[in-house]
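> got a structure for you, letters missing:
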């Protein structure tokens, strides 16, 4: 058996052993895709295990994350630091080999995958980042940004709608360095894919604008290698390589069957796999030394590629010192802190203004401080006010443009934003109407899981949307996003709070941020300030040290609380108004601060928010009241809807009196 074939089988056997020991996992993909994964990693992919974060490495995303044993086997054999003990602890508590690959947890994992299709879309984002950065930095003779994005997935990834959305955009953008490896085995969990999936995938990708290639035999290393090189040769189109494989290849009882997908092969079948592959070693988790030596030699050769790049980059920075300075700005993750002392950033207009408009102005201030801002909207930039003036539109014809037109593709937009953030070098943001955060949410969840500082600009934040009616008026969405771990939500009330929200987003290191912004104009509040950065603060204080009651509010409803305070004061009731732009940030404050803002002995509490009351209970307590939406909205001018649904100053006054009664 030649060394290439032996190495492929090492991946197969090691994956099968890990899954069998865990008695849990998905052997079908690792067994079927081992040959294409080996050919790619060993002969066509630029990567250096000694420096997994090399900025110019090729990216590899396993979109079919259930096949994680394949990726872990590659990482182990190539020397990324995964030990054999790690392989033995596959899917066990606190191991480095969890059931699906987790970014930031296991070295060499480029993205958290598992929700099918998500990895496909994140790969598009990575390819977009490479394309834009190459246009920004490369000079003749100095291709300092020059790498490919490879993504591997199967029929399930192709069925998910997110892949349609993302690849449609990739084709339109002509992302020539995006290469999709399609593990085509015609099997899903319920059986043959013919039961639900009969389309011609090749023709679909051709319609997207991809080059499409076919490898008939998923074990033909030469054919796979030739296809990868052909994919690289087409610089104007992304490429999809369909590789015909057999799920569970090599296991006589399971090969080609749905049962190979998501359950261990069984001890006897693992033994049969070994015999069928001609693998002489019966002891599990044992790899011959010549295989290890082979992988080590490949890794050492790859390290020389990075050395050559480092030498070129040094010459580049000497020849173009201005580009070196720009590079440093792009890769400075602390640069957002410069906004704190920028007068224009904290400027407050005299008149009432929608927070979406204020956000748009801030974006056009920040672009000068953060040149690596890169983002846009799902066909809504004129409404979400997320367009960077004079920065150009990112396109196939203009990869230098900074305004991304994602098209009407919300879920793919969020995943692509994740991919851009994962790639590094850019500070991405995405945008849509707040109600459509329902489309965004699965990928926002991945942002939170991966700890990516992606900013979500979500406008038209309440029944203030008005005439568009209940389909466009968010109710439960704020509670949904607030409920997510490691995800920060801001609903600012005026210019200062909007600036605070953006400052938080642009200085966040490991947490995504949602800015929930109004369509209607909101007044500038006399008492607002940078304490908004603490998530909650006193915006209008009581005369007494201990107020009679506390009114809490966010966004457009803060003004209702202030108006209610003035009315109640005339009746001798002394109220403190607390603006709570971010519950998430407020909860991170010390108990001493929170008790200063809302003393625990003040039981008369009212919250007002033109959305669901879910989540306010911990602040108002058993004795408190929440003025909120109890139903979906309606179609009418926004002002009329606040009256119709009782989100009014009068309602706040009545609620305070009720809590005091």
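Sure thing, it's come through. Quick caveat: nothing in here was measured; it's all calculated off a predicted structure.

> quick one: the helices in the stretch 251-400 of the chain, in order.
Under the criterion DSSP state H, counting those that start in this stretch, helices of the stretch 251-400 of the chain are mapped to 267-277, 289-319, 321-330, 355-369, 381-384.

> give me whichever of these is most buried.
helix 355-369 (a mean of 21; mean count of other CB atoms under 10 Å). C-betas here are computed from N, CA, C, even on glycine.

> hmm, back to that, any chance of CSV for the helices of the stretch 251-400 of the chain, columns distance to residue 129 and mean pLDDT?
Below are these laid out as CSV (distance: least, CB to CB, whole Å; pLDDT from 0 to 100):
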stretch, distance to residue 129, mean pLDDT
helix 267-277, 39, 98
helix 289-319, 18, 98
helix 321-330, 11, 98
helix 355-369, 17, 98
helix 381-384, 20, 98
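
> quick one: end-to-end distance for stretch 208-227.
19 Å (CA to CA, to the nearest Å).

> could you pull out the buried residues of it?
The neighbour-count check on stretch 208-227 (16 or more other CB atoms under 10 Å) flags 208-213, 215, 218-221, 223-225, 227 as buried.

> can you pick out the most distant pair from those?
By the measure CB to CB, 209 and 219 form the most distant pair in the buried residues of stretch 208-227, at 30.1 Å.

> wait, residue 419 touches residue 130, no?
No: using CB atoms under 8 Å, residue 419 is not in contact with residue 130, being 10.1 Å away.

> those two - which one has more neighbours?
Comparing residue 419 with residue 130 by other CB atoms under 10 Å, the one with more neighbours is residue 419, at 31 against 25.

> quick one: that one from residue 583, how far?
Counting by CB to CB, to the nearest Å, the gap from residue 419 to residue 583 is 29 Å.

> just the pLDDT for residue 1.
Looking at residue 1, its pLDDT reads 70.

> confirm for me that it is in contact with residue 290.
No: with contact defined as CB under 8 Å, residue 1 does not reach residue 290; the gap is 10.7 Å.

> now distance to residue 589 too, for the helices of the stretch 251-400 of the chain, in a markdown table please.
Listed next are these as a markdown table, based on distance: least, CB to CB, whole Å:
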| stretch | distance to residue 589 |
| --- | --- |
| helix 267-277 | 54 |
| helix 289-319 | 43 |
| helix 321-330 | 32 |
| helix 355-369 | 23 |
| helix 381-384 | 30 |
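
> to residue 647, which of these lies closest?
Nearest of the helices of the stretch 251-400 of the chain (CB to CB): helix 355-369, 16.9 Å.

> hang on, residue 493 packs against residue 579?
Yes: Residue 493 is within contact range of residue 579, at 5.6 Å (criterion: CB under 8 Å).

> which of the two has more neighbours?
For residue 493 versus residue 579, neighbours defined as other CB under 10 Å are more numerous around residue 579 (34 against 28).

> nearest residue to the more buried one other than its sequence neighbours?
Spatial nearest neighbour of residue 579, chain neighbours left out: residue 539 (4.1 Å); criterion: CB to CB, 6 or more residues apart in numbering.

> and for the one you found, the neighbour number?
Per other CB under 10 Å, the neighbour tally for residue 539 reads 29.

> same thing with residue 467?
Residue 467: 12 neighbours (other CB under 10 Å).

> before we move on, what about residue 507?
Residue 507 has 18 neighbours, counted by other CB under 10 Å.

> ok, now which ones touch the closest residue to it other than its chain neighbours?
Leaving aside its chain neighbours, residue 507 sits nearest to residue 336 (4.2 Å; criterion: CB to CB, 6+ apart). Contacts for residue 336 (CB atoms under 8 Å, 6 or more residues apart in numbering) come out as 369, 370, 427, 503, 506, 507.

> likewise for residue 232?
Contact analysis of residue 232 by CB under 8 Å, 6+ apart lists 44, 148, 179.

> run the last query once more with 7 Å
Neighbouring residues of residue 232 by CB atoms under 7 Å, 6 or more residues apart in numbering: residue 148.

> check residue 167 too.
120, 205, 208.

> ok, now residue 142?
Counting by CB under 7 Å, 6+ apart, residue 142 touches 312, 316.

> same question for residue 597.
Contacts for residue 597 (CB under 7 Å, 6+ apart) come out as 536, 537, 538, 578.

> count of residues packed around the second one?
What it means is residue 537. By other CB under 10 Å, 23 other residues sit near residue 537.

> that one reaches residue 531, doesn't it?
Yes: Residue 537 is within contact range of residue 531, at 3.6 Å (criterion: CB atoms under 7 Å).

> overlap of the contact sets of the two?
Counting by CB under 7 Å, 6+ apart, no residue touches both residue 537 and residue 531.

> can you verify residue 242 is assigned to a strand?
Yes: counting by DSSP: H, G, I helix; E, B strand; the rest coil, residue 242 is found in a strand.

> could you look up the SS state of residue 551?
strand.

> show me the beta-bridge partners of it.
According to DSSP bridges, the partner residues bridging residue 551 are residue 577, residue 606.

> from residue 598, how far out is it?
Distance from residue 551 to residue 598, by CB to CB: 11 Å.
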